[in-house]
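**Student:** Below is the sequence, then the predicted model.
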Amino acid sequence: MTSLAALLAALAGTPLFAVIAGIALFAYSRAGIDPMAVAIEMARLADTPMLEALPLFIFTGLLLAESGSPARLLAVTRALCGRLPGAMAVVAVVLCALFTALTGATGVTIVALGPLLYPALADDGYPERLRLGLLTVSGSLGLLLPPSLPLILYGVVAGVRIDRLFAAGLLPNLLILIVICAYAAWRAPRTLSSRHRPPVGKALRQALWELPLPFIVLGGIYGGFLVVSEAAVVAALYAIVVEVGVYRDVPLTRLPGLAVRSMILFGAIIAVLAASLAFTSYLVDRQIPERIFDLLTGWINTRAGFLLALNLFLLGVGAVLDIFSAIVLVAPLIVPVAARFGIEPLHLAVIFLVNLQIGYATPPVGLNLFLASHQFGQPVLRTALATLPFVLLLLAVLALVTAFPGLFLP
């Protein structure tokens with residue numbers, strides 16, 4: 001009855017954090033535990049290291065999206081790659097991946113870059129179905145690249161060092177980009193267009209101040225100069241100086257509004273995360289992960305069998321939940337069970353996030369499908385069919401990463 005009531009509440013539009021917190025309160029009360037324990041468990045989240053990095057990276061992403069950064073970065077990539085066959089497809093994939101990594105949300109990528117890239121691909125002769133599928137899938141291809149918000153959130157929830165997660169996501173995401181770019185270039189028109197390709201020197205000069213940002217963040221973290229939270233502060237400050245002071249794309253008076261928007265988004269994430277933490281503590285106290293493990297071993301007794309079942313389960317999760325909800329709801333249950341099957345934490349993290357990345361372009365509720373459909377004026381079904389070849393390629397990469405983690409993980 002509790003599960004049915006929670007489902008009905010969610011369908012009625014009740015906020016997710018309220019549904020989870022209500023389940024936790026009911027579970028604690030039924031177990032004879034003081035419901036105040038829920039509030040105590042939720043308050044523990046304030047002591048979680050690295051949590052302060054989330055709102056700062058969100059703010060940085062929103063600021064970049066509001067500026068002229070997308071157009072300048074597009075000009076740079078077109079200038080550098082514009083003479084190669086299939087270059088515009090490669091430009092679109094790489095630019096979307098980098099922008100998603102910086103903003104942390106694929107919806108921002110499609111909204112910010114879609115109006116630039118969709119007509120640019122059309123100018124170069126790419127058929128409608130190819131550019132529709134390419135941009136829909138490319139909107140989520142940077143979720144494994146630092147400083148991606150899902151990577152940070154997964155590290156907080158699963159208790160994995162975030163700098164190790166950043167390193168673990170690099171090679172798998174590089175493989176994904178190579179595969180998608182190769183397919184798109186193979187399908188690209190054979191004739192090259194020279195339109196809209198600015199001189200390299202001019203494009204680099206225009207984006208001179210924005211290009212160092214990823215190197216500052218990653219170099220600071222891996223060089224040992226900055227921890228992740230400090231890198232988030234540096235990124236936000238650098239973005240303010242560049243976009244407000246140098247380019248003057250964003251007036252100083254708009255910064256408070258962007259800060260409010262970033263804190264609203266962070267508040268939505270933190271509310272779900274806090275409620276989930278309280279409920280997870282109850283599940284651990286009741287040894288639910290151990291019971292799941294015992295149940296699974298009744299019909300799955302090998303590591304390979306568990307990995308297959310895990311991927312099928314996560315593909316289903318990604319098709320019905322957004323990535324943030326999936327991380328806070330599912331990761332706490334899967335992590336201890338996977339450990340019992342001998343799955344290394346970084347391997348599990350990559351499998352988890354690649355599956356949810358695929359879910360962004362998978363019916364019935366893949367966010368990218370609906371955003372791209374609205375942005376490009378195409379029916380959702382047509383958009384889903386256009387993404388199918390790319391989804392199959394992503395599934396092939398997922399199989400490789402699952403089967404051969406030693407080739408990709410540090």
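**Tutor:** Okay, I see it. A quick note: this is a predicted structure, and the numbers were derived from the prediction, not measured. Numbering: from 1, shown residues only.
**Student:** rest of the way, CA atoms for contacts and neighbours
**Tutor:** Will do.
**Student:** For residue 89, give me its contacts.
**Tutor:** Neighbour list for residue 89: 121, 134, 181, 184-185, 188 [criterion: Cα atoms under 8 Å, 6 or more residues apart in numbering].
**Student:** what's the farthest-apart pair in the residues you listed?
**Tutor:** Across the contacts of residue 89, the longest distance by Cα to Cα is 13.7 Å; it joins 121 and 181.
**Student:** Leaving out the residues flanking it, which one is nearest to residue 73?
**Tutor:** Leaving aside its sequence neighbours, residue 73 sits nearest to residue 207 (Cα to Cα, 6 or more residues apart in numbering; 6.6 Å).
**Student:** Residue 386 too?
**Tutor:** Nearest in space to residue 386, with sequence neighbours left out and distances taken as Cα to Cα, 6+ apart, is residue 133 at 4.5 Å.
**Student:** What is the burial count for the one you found?
**Tutor:** 24 (other Cα atoms under 10 Å).
**Student:** Correct me if wrong: it contacts residue 383.
**Tutor:** Yes. Counting by Cα atoms under 8 Å, residue 133 does reach residue 383; the two are 6.5 Å apart.
**Student:** helices and strands of the chain: which one bottoms out on pLDDT?
**Tutor:** None of the helices or strands of the chain scores lower by mean pLDDT, DSSP states H and E than helix 2-11, at a mean of 55.
**Student:** Just after that one, pick out the following helix or strand.
**Tutor:** As assigned by DSSP states H and E, the chain's next helix or strand after helix 2-11 is helix 16-30.
**Student:** That following helix: how far from the chain's middle?
**Tutor:** 27 Å (Cα atoms, centre = their mean, to the nearest Å).
**Student:** pLDDT averaged over that helix - what is it?
**Tutor:** Averaged across helix 16-30, the pLDDT comes to 72.
**Student:** Now do it: which elements does it pack against?
**Tutor:** For helix 16-30, the packing partners by 3 or more Cα pairs under 8 Å, 6 or more residues apart in numbering; DSSP states H and E come out as helix 2-11, helix 36-43, helix 255-285.
**Student:** I'd like the next helix or strand past the second one.
**Tutor:** Elements were assigned by DSSP H and E; along the chain past helix 36-43, the next helix or strand is helix 53-66.
**Student:** helices and strands around that next one, which ones?
**Tutor:** In terms of contacts (3+ Cα pairs under 8 Å, 6+ apart), helix 53-66 is packed against helix 87-103, helix 106-123, helix 149-158, helix 228-240, helix 255-285.
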